[in-house]
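Trainee: Starting from these lines, generate the structure:
(chains A and B)
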Amino acid sequence: MDSIFSRPTMTAAIIRRPGLLRRLVRSPRVAGPATFLAMVTVLSLLAPLLASHDPLEMRPPRALEAPGREFLLGTDEYGRDILSRLLYGGRVSLAVAVGSILLAGVVGVTLGLVGGYYGGVWEALTMRTVDLLLSIPPILLAIAVVAFLGSNLTNLIMVIGILYVPRFARVVHGSTLAVKQREFVEAARVLGARDRRILLVAILPNILAPIIVQASVSLGFAILLESGLSFLGLGAPPPTPSWGGMVGAGRGYMHLSPWPVLWPALTVWAVILAFNLLGDGFRDLLDPKLRA
Amino acid sequence: MGGYVLRRLAQSAVLIFAVATLVAVLVRLIPGDPVQVLLGEGQATPERVRLLREQLGLEKPVHVQYLEWLGRLVRGDLGVSLISRRAIGPDLLQRLPRTLELTVAATLLALAVGLPAGILAAVNRNGPVDLAVSVLALLGLSAPVFVLGTLLVLVFGLYLRVFPATGFVDLTQDPWGHVSRLLLPAATLAAAMAGVIARMARSAMLVLAEDYLRTARAKGLTERAVVFGHALPNALIPVVAVVGVQMGSLLGGSVIVEYIFNWPGLSTYLLQGIAQRDYPVVQAVVLVVSALFILLNLLTDLSYGLLDPRIRYG
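Mentor: Next comes the predicted model:
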């Protein structure tokens, strides 16, 4: 695991904080996907207002209808409105993604900071835990844990969160090692600042760039994992609509109507694509080493 | 180099041991009494409960259970299925090659597509080919396995009907039938990896402007010789790194691919184990796949040294 390629390639970019946001907004490579994802988020949050139908209401006589005037994207095998289910399904994916990445970010950043700054036993302990978590394929660990503990939103967030701790811990650990050598950290120490203050005020703001990149990429992965689990029937329990679950359920009726599978499948694809574009955009902007 | 290899071997052994411990802990995390969960609350006779408890080894103290679990593992004994009462080891060993076959086929496919695409893009930098490769690579690496697999079944299985979309026949019985059924699942699994490889190869090949390549050109080598003799070998190093890492995620992705295409590998065994609450089966599959994953990482790390003489191990 500890080869030259698996170490974080990103050294901490020094950010002039007032300029960062403006630069991000102005870059089309960030603003484009960010706008799309903001739209998806708003649509999901406003699902109760926007949905034309109850996502759970079944109408057996109207099952598997093609897109039409009443049901804009068609109906699924129970005659439920696909568009409404898509809107509500976004809430599950986004809640799990945001919840788990918040958890992963807070724990991972703390571990990485403490490990990188103090070194010694702390470092060994956190980095070996990271190695362990990285040595099991994520989806396998998630499947196993959900299978043993039961699948509900809290468990999903916990599992996916824990799975993504190592990514944050590694990136922050490497960046902390680089930044703690710098003069302003030394200066803060000479001025009598306590460790806590040094970590939070001197170091953390200067390693935000790699954390932001990591967060945007990890959000995409979290949605990927959540929808994959839901697809297998191990995500949010039915009848709660979720994108992965919709694809999984519609699969059995594909020979009758492709729509129940097609819409959620394309939605997940587009959202993951947007997260990847966002990650690329952030990386180009924030990591001077990779900028052409 | 010898010292490095030994140290990495020892590290990998410790990791596998740690995963075994983690997997053992999982059963302890089941809320409530696993025996009651398995048999259905209050429905089983005391005799059944006692038997199952004994079978799971739950009546012994925790540390004895743990040591016995490790002891059996060391002897290669993965336990007995709660449902079929068969030894897990042989059943698992029968399915393992099919998962490996799928993973290797996907890797070869990803290399066959991704590497030339990346090289083409780099050679035609900023041209239409470069743009097309970048877009396709992004689409590929963003496509969730379950989305791509389902769409491929939809298109090939229901509309095109070129070849059977799902299922499995033994290679010895029907070689063409076997390969034709391998194609779609392998392609599903390969898409993301091909995208990553194409990107990596492209950016690695963009060293085309470097000094030693200018020297190679200056001494009169053809562009072909420069690209394949000098640039490509250097570009391959990061690609190997990526292939190693990605093969690990293929092992994970194969869980979903095998499920979609009814490929009777390890993951169908795992999912069946989960559906039947067959805990020992789930433990065994997680452990074996993780061990493979760890060994793959080890091989990747060791292969750098062979590919890049600049890397020295202290």
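Trainee: part of a helix, is A:A104?
Mentor: Yes - judged by DSSP: H, G, I helix; E, B strand; the rest coil, A:A104 forms part of a helix.
Trainee: residue contacts, it?
Mentor: With contact taken as Cβ atoms under 8 Å, 6 or more residues apart in numbering or on different chains, A:A104 is in contact with A:160-165, A:167-168, A:218. Yep, even glycine has a C-beta here, placed from its N, CA and C like the rest.
Trainee: Likewise for A:L277?
Mentor: Applying Cβ under 8 Å, 6+ apart, the residues contacting A:L277 are A:29, A:32-33, B:138.
Trainee: residue contacts, the closest residue to chain B within the stretch 51-200 of chain A?
Mentor: Proximity of the stretch 51-200 of chain A to chain B (Cβ to the nearest Cβ) peaks at A:P137, 3.3 Å away. Contact analysis of A:P137 by Cβ under 8 Å, 6+ apart lists B:248-249, B:251-252, B:289-290, B:293.
Trainee: neighbour-wise, which of those residues leads?
Mentor: The most crowded member of the contacts of A:P137, judged by other Cβ atoms under 10 Å in any protein chain shown, is B:S290 (26 neighbours).
Trainee: any idea of the pLDDT on that one?
Mentor: What the model reports for B:S290 is a pLDDT of 89.
Trainee: is it fair to say it lies in a helix?
Mentor: Yes - with three-state DSSP as the criterion, B:S290 is part of a helix.
Trainee: you'd agree it is up against A:L134?
Mentor: No - using Cβ atoms under 8 Å, B:S290 makes no contact with A:L134, being 10.5 Å away.
Trainee: Up against chain A, what does the stretch 101-250 of chain B have?
Mentor: By Cβ under 8 Å from any Cβ of the partner chain, the residues of the stretch 101-250 of chain B that approach chain A are B:138-139, B:141-147, B:150-151, B:153-154, B:158, B:238, B:241, B:245, B:248-249.
Trainee: Could you look up the SS state of the closest residue to the residue of the stretch 51-200 of chain A closest to chain B other than its chain neighbours?
Mentor: Of all residues beyond its chain neighbours, the one nearest A:P137 is B:G252 (3.3 Å), with distances taken as Cβ to Cβ, 6 or more residues apart in numbering or on different chains. The three-state label given to B:G252 by three-state DSSP is helix.
Trainee: residues contacting B:G252?
Mentor: Applying Cβ under 8 Å, 6+ apart, the residues contacting B:G252 are A:137-140, B:289.
Trainee: hmm, 10 Å instead?
Mentor: A:136-143, A:225, A:228, B:145, B:267, B:289, B:293 (Cβ atoms under 10 Å, 6 or more residues apart in numbering or on different chains).
Trainee: Secondary structure for the residues you listed - can I get that in TSV?
Mentor: Shown next, in TSV, are the contacts of B:G252 (three-state DSSP):
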residue	secondary structure
A:I136	coil
A:P137	coil
A:P138	helix
A:I139	helix
A:L140	helix
A:L141	helix
A:A142	helix
A:I143	helix
A:L225	helix
A:G228	helix
B:V145	helix
B:S267	helix
B:V289	helix
B:F293	helix
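Trainee: Could you pull out the strands in the stretch 1-150 of chain A for me?
Mentor: Secondary structure of the stretch 1-150 of chain A by DSSP state E, counting those that start in this stretch: no strands are present.
Trainee: Any regions of it where pLDDT drops low?
Mentor: Applying pLDDT under 70 to the stretch 1-150 of chain A picks out residues A:1-21, A:24.
Trainee: I'd guessed B:I30 sits against A:G150; true?
Mentor: Yes - the pair B:I30 / A:G150 is scored as a contact, 8.7 Å apart, by Cβ atoms under 10 Å.
Trainee: Neighbour count for those two, which is higher?
Mentor: Higher neighbour count among B:I30 and A:G150: B:I30, with 17 against 14, using other Cβ under 10 Å.
Trainee: Next one: the more buried one relative to A:S230, how far apart?
Mentor: When distance is defined by Cβ to Cβ, to the nearest Å, B:I30 is 22 Å away from A:S230.
Trainee: go on, A:P241?
Mentor: Taking Cβ to Cβ, one finds A:P241 at 10 Å from A:S230.
Trainee: do A:R194 as well
Mentor: 46 Å.
Trainee: The two: which is more packed in?
Mentor: A:S230 (32 against 10).
Trainee: Secondary structure element holding the more buried one?
Mentor: helix A:208-231 (DSSP states H and E).
Trainee: pLDDT wise, what is residue 287 at?
Mentor: Let's take chain A. 63.
Trainee: should've been chain B
Mentor: 90.
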